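> Below are the sequence and a predicted model for it; my questions follow.
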Amino acid sequence: MVKLLPRLRRFAAGLARDRVDGDDLVQLTVERALTSRAQWQEGTRLDSWMYRIMRNIWIDEGRSRTRRAQTFIGEEAGLAIGRDGGQEAVAELGTIGRAMQQLPDEQREAVMLVLVEGYKYAEAADIVGCPVGTLTSRLGRGREALMAMLGEAA
Amino acid sequence: MTQDPDTLRAYVDGELDEVTASRLAKAAEVDPELAARIAAETRLRDILSAHFDPVLAEQVPQRLVLPIETSRKVVSLQDRRPLRSIVPTRMVRWAVPAMAAALALTVFLPGSGGPTETRDGLIFAANDLAEALDTQLVADRVAGNDTRILLSFADKEGTLCRAFARTDLSGIACMDDTGWHLRIQQGGVDIRPGDYRQASSVDNAIMASAQEMAVGPAFDAEQERLARAQSWRPR
């Protein structure tokens, strides 16, 4: 499980609003995995199981998080690339991070799982708990939105 | 040749069967527009990887590693019945809530007036920490005490050891010839009631260490009083 931590942190960095929230998410994931480890079936992939736990915790916390994120990453903050104090968390995200934050949660997790974490469509759909077709259409919309936002950078 | 975007992305993602994939690759050789679309999709993948992959090279914070390593130790020591049967109930009753809250990730430096001092390269309890280890019992939970004693036990040499928690450091100290030697040092804990989950890595780590070190169960109140009366020297 320790070996998985770097990858879990990368996934969390993509899901969460900032890196501190990301590590909180990893910590919750680890704790839940440890307390429910009896539910993990020997022979199945530990990484997929833990990604699923993380993703579920993240979704559970979704509503309050979305509210916070919207007040935080409003129009001004979204444009505040410069360092006007107190905006470090946003500035740190950079262009890519901000573009990712604009994506709906379901598209963001699909993008992270397939394009960053390298899961196959079927594996990613299994983690999310949706049909493969649903996953690929979320992924497609996410990609289109990212390309449109990143424009010349992409 | 027009290609629907989904097929094109599936190609970039390596999800197409070989026949379809090679057909698409051939088509791209003679179709600059198709090649450009493939390149754009590939670039997006590369950009995202370049943005997120550096996380993999970072050092993982201790607060994430410790719970895993601790639970591994606890599991492997499950057959150590005596201590297990006493310690968890004790912890649940007061130590866990008492130790709840944020982990102070400060590195503690021994110095004059502080709770530790260094002698012959070893770190010993000093000042108010030494006094608390000398005098306080687990049952003493006086409000305003800076040190909480979590439990007392004897190790395999018969040396008496005590686990403690404070806001500046926590750990396990054992009485040797010259005083309370700090065998285990962990970060401090906020001993006010508060956020539960953040403290768990510290108290888990200390409890796991105590389980490894202890022979027999943790002391009860009577054994503690007796040990204090004998200045924490082995009988």
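Sure thing, it's come through.
> When you work out contacts or count neighbours from here on, use the C-alpha atoms and nothing else.
Noted.
> In three-state terms, label residue B:182 for me.
Classification of residue B:182 using DSSP: H, G, I helix; E, B strand; the rest coil returns strand.
> Residue A:141 contacts residue A:105, correct?
No. Look at residue A:141 against residue A:105 with C-alpha atoms under 8 Å: they stay out of range, at 11.9 Å.
> Just give me the longest helix of chain A.
In chain A, taking DSSP state H as the definition, the longest helix is helix A:132-150.
> tell me which residues in that helix are buried?
A:132, A:135-136, A:138-143, A:145-147, A:149-150 (16 or more other C-alpha atoms under 10 Å in any protein chain shown).
> How much space separates residue B:140 from residue B:233?
21 Å (C-alpha to C-alpha, to the nearest Å).
> Neighbour count for those two, which is higher?
residue B:233 (14 against 11; other C-alpha atoms under 10 Å in any protein chain shown).
> Can you pull the phi/psi pair for that one?
Here is the backbone geometry of residue B:233 (degrees, to the nearest 10): phi -90, psi 150.
> residue contacts, it?
Contacts for residue B:233 (C-alpha atoms under 8 Å, 6 or more residues apart in numbering or on different chains) come out as B:159-160, B:175, B:227.
> which one of those residues has the most neighbours?
Going by other C-alpha under 10 Å, residue B:160 tops the contacts of residue B:233 with 24 neighbours.
> Next one: that one from residue B:175, what distance?
Applying C-alpha to C-alpha, the value for residue B:160 to residue B:175 is 6 Å.
> who touches both of these two?
Taking C-alpha under 8 Å, 6+ apart as the criterion, residue B:160 and residue B:175 both touch B:232-233.
> Any residues of chain B in contact with chain A? List them.
B:5-6, B:9, B:13, B:15, B:40, B:43-45, B:47-49, B:51-53, B:55-58, B:60, B:63-65, B:67-69, B:71 (C-alpha under 8 Å from any C-alpha of the partner chain).
> buried subset of the residues you listed?
Neighbour counting by 16+ other C-alpha under 10 Å classes B:9, B:13, B:44-45, B:47-49, B:51-53, B:55, B:63-65, B:67-69, B:71 among the residues of chain B next to chain A as buried.
> so of those, which ones are in strands?
Using DSSP state E to define strands, no part of these is located there.
> mind listing which of those are in helices?
Using DSSP H, those in helices are B:9, B:44-45, B:47-49, B:51-52, B:55, B:63-65, B:67-69, B:71.
> For chain A, what's the nearest residue on chain B?
Nearest residue of chain B to chain A: residue B:56, at 4.8 Å (C-alpha to the nearest C-alpha).
> roughly how far apart are that residue and residue B:133?
Separation of residue B:56 from residue B:133 (C-alpha to C-alpha): 42 Å.
> The helix or strand hosting residue B:20 packs against which elements?
Using DSSP states H and E, the element containing residue B:20 is helix B:18-29. Where contact means 3 or more C-alpha pairs under 8 Å, 6 or more residues apart in numbering or on different chains; DSSP states H and E, helix B:18-29 is packed against helix B:32-52.
> Can you spell out which helices and strands pack onto the helix it packs on?
Using 3+ C-alpha pairs under 8 Å, 6+ apart, helix B:32-52 sits against helix A:5-15, helix A:88-102, helix B:5-12, helix B:18-29.
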